[in-house]
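Trainee: when you get a sec, could you give me coordinates for this:
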Amino acid sequence: MRDAPAPPYRTTPEVTERMPRGLPYLLGNELAERFSFYGMKAILVVYMTEHLLNSNGQPAYMSEEDAKSLYHLFNAAAYFFPLLGSILSDVFLGKYKTIIYLSLGYCVGHGLLAMGDSGIGAQLFEPKTWMYAGLLFIAIGAGGIKPCASANLGDQFGSRNKHLLAKAFEWWYFSINVGAAASSFLIPKLLDEYGPWVAFGLPGVLMVIATITFWVGRHKFAHVPPSGWAKFRSETLSPEGLRSLRYLAPLFLLFVPMFWSIFDQTGSAWVLQANDMDLNVLGYEFLPAQIQAANPVFILFLLPLFALVIYPRLNRVVGLTPLRKIGIGFCVTILASAMTAWLQMRIDGGETPSILWQILGYLVLTSAEVLVSITTLEFAYSQAPRKMKSFIMGIYFLGVSFGNLFASGVNKVMSLGWITLEGADYFWFFTVAMVVVTLAYFVFAAKYKGDTFVQDEGE
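Mentor: This is a model prediction of the structure:
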């Protein structure tokens, strides 16, 4: 009897005490993909309110409320599809094939956005139609691969090097923010000087590079095979699977969403607020959308600061756990939102404050991001049973979707005239909501119990 053919790729983590060999390819893929995603998002609200035309070349600008609502609706879609992508990955295709296939559609989405500003595209369909189609493709692609990419990183670690997992996730977040910082500063400038075609086209080129980088490294990293529907269902409905869902679902779907409803307004309400501020800093005139680059730039400095200075000192005082980090992050989020509301009160009063005040708000909110987002990303992976890694990541990202749905819904009812949240009242509304959620979170965290799981070389 012939032996079964060997799988074309390694299906288990390397037996090593060092970082996995495939890590550079995964980090390079993530950097380029995040450049494409954040670059496109950085200009989306500005495009809709200042550059969107109809097929005759006449302005078809959207109102601020409608633009914010669509922006957050797109975000919600982009973070809803991770749940479907995780099932596709865990049950049917595995993470590698899921990432490759959806990345190709992701590239198409960027191309559709760029076509809306081309002469040929405008002759075929309305630019708004190209925009909707492009955003749909990007939401499916970016969302579908998101839980697979981060879970695939975790799959590269076994029992001998699991102590390096937290450091790998820090490098992962570092790569994300290098891409985000570069694109958030560059793409708004391209939009201002060359128009939407170039500004949407370059992120598409970077997405192609991301896909090629991932494909080139396919022999360097482990490909954990899909579990199949029967196995996935039994794992999900097993005592440990149900236990993980029971404890993680409230955290990811009830509490963390409010953080994201505030954080993701940096791409909508914060950009529009910057229009009414003094954008001159040391002789350089920033564009409102470029201020978003402050977040990823701050991340690059705050990650080592928190890891080497703040966390060790806090740990001596309160005994830091992931849940305590998240709770502290929620409190810092309240402060950041209140600062933005106070800043808007000054604008409503007729002042034109320096953009440095908003940049200070970015510093505070980014500190909250380090405490909440990075912690929950690692926590989601470590608390998920071995065959549910991508699925639990999908639940985590679904919480981001819920947060953006909330923000989108608030703006939609404002545009319909059902409620009025003018000026600073808009920001105070979200600040109070964050206070309520934080108080409820403290009760939840005190009762949380869970288990930790990692992939094993023998899995």
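
Trainee: below-threshold pLDDT in this protein: ranges please.
Mentor: Regions of the chain meeting the criterion pLDDT under 70 cover residues 1-7, 13, 15, 381, 386-390, 449-459.

Trainee: residue 317 sits in which helix or strand?
Mentor: helix 311-318 (DSSP states H and E).

Trainee: give me the buried stretch members for that helix, please.
Mentor: Buried residues in helix 311-318, counted by 16 or more other CB atoms under 10 Å: residue 314. C-betas here are computed from N, CA, C, even on glycine.

Trainee: which residues does that helix contact?
Mentor: 320, 324, 328 (CB atoms under 8 Å, 6 or more residues apart in numbering).

Trainee: can I get these in CSV with neighbour count and secondary structure?
Mentor: Below are the contacts of helix 311-318 laid out as CSV (neighbours: other CB atoms under 10 Å; DSSP: H, G, I helix; E, B strand; the rest coil):
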residue, neighbour count, secondary structure
320, 18, coil
324, 16, helix
328, 19, helix
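
Trainee: from these, which is closest to residue 422?
Mentor: Nearest to residue 422 among the contacts of helix 311-318 is residue 328, at 32.1 Å by CB to CB.

Trainee: what about the closest residue to that closest one other than its chain neighbours, how many residues nearby?
Mentor: Nearest residue to residue 328, sequence neighbours excluded (CB to CB, 6 or more residues apart in numbering): residue 371, at 5.5 Å. A count of nearby residues for residue 371, using other CB atoms under 10 Å, gives 28.

Trainee: who's in contact with residue 371?
Mentor: 306, 325, 326, 328, 329, 332.

Trainee: what does residue 152 give?
Mentor: 26, 95, 96, 99, 221, 224.

Trainee: just confirm the third one contacts residue 9, I think it does.
Mentor: Yes: with contact defined as CB atoms under 8 Å, residue 96 counts as touching residue 9 (7.4 Å).

Trainee: ok, those two, which is more surrounded?
Mentor: Set residue 96 next to residue 9 and count neighbours by other CB under 10 Å: residue 96 wins out with 20 against 15.

Trainee: could you identify the longest helix within this structure?
Mentor: helix 165-194 (DSSP state H).

Trainee: centre of the chain to it, how far?
Mentor: Centre-to-centre, helix 165-194 and its host chain are 12 Å apart (CA atoms, centre = their mean, to the nearest Å).

Trainee: what does the helix or strand following that helix contact?
Mentor: Remark: after helix 165-194, the chain's next helix or strand is helix 196-216, criterion DSSP H and E. Helix 196-216 is contacted by residues 25-26, 28-33, 35-37, 39-40, 43, 47, 51, 99-100, 103-104, 106-107, 110-111, 113-114, 116-118, 134, 179, 183, 186-188, 190-191 when judged by CB under 8 Å, 6+ apart.
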